[in-house]
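>>> Provided below are the primary sequence and the corresponding predicted coordinates.
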Amino acid sequence: MDIISFYPGFGTQHLIAAILLYAYISYSLQIIAAKTQVGNSWMAWIPILNLILMCRIGNTSTLALLGLLIPLINLFIFAYIWGEIAFATNRSRWYGLLIIVPGINVILPGYLAFTD
């Protein structure tokens, strides 16, 4: 059974959009890792390892990832990690709160990666 027949209404265009979004965020994270001189930037492309890479970029403990398993707490943990990533790219930690806002959360990784 393929994904298109399993989820009615999930067309090929949704699959392509999801792949492009994943590639955009992974590439942005890889660029941020290179800007902050964190090794193993290839980890941005592998699903669980990209979270570990985010902790390395933000210089936070990987134990913070356990907070991502708790509903509602995960929003604050994710905002904290992205705030530390923003600080590592010489921006305010308050940018981390933008990761909670729908729409802006897609723009934030590219902003941190492609601007000085």
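Cool, got the structure. Residues are numbered from 1 along each chain as shown.
>>> tell me the SS of residue 33?
Local secondary structure at residue 33 is given as helix here, using DSSP: H, G, I helix; E, B strand; the rest coil.
>>> residue 86 versus residue 51, what's the distance?
In this view, residue 51 and residue 86 are 17 Å apart by C-beta to C-beta, to the nearest Å. To be clear about C-beta, it is placed using only N, CA and C from the backbone, and glycine gets the same treatment.
>>> which one's more surrounded, the two?
Comparing residue 51 with residue 86 by other C-beta atoms under 10 Å, the one with more neighbours is residue 86, at 23 against 18.
>>> surely the more buried one touches residue 95?
Yes. When contacts are counted by C-beta atoms under 8 Å, residue 86 is listed as touching residue 95 (3.7 Å).
>>> shared neighbours of the two, which are they?
Common neighbours of residue 86 and residue 95 (criterion: C-beta atoms under 8 Å, 6 or more residues apart in numbering): residue 112.
>>> now do the helices in this protein.
Taking DSSP state H, the helices of the chain run over residues 3-6, 12-35, 47-57, 73-88, 104-114.
>>> nearest residue to the spatially most central residue of the chain in space, ignoring adjacent ones along the chain?
Centroid-nearest residue in the chain, with C-alpha atoms, centre = their mean: residue 25, separated by 6.1 Å. Distance criterion C-beta to C-beta, 6 or more residues apart in numbering; nearest residue to residue 25, sequence neighbours excluded, is residue 109 at 5.2 Å.
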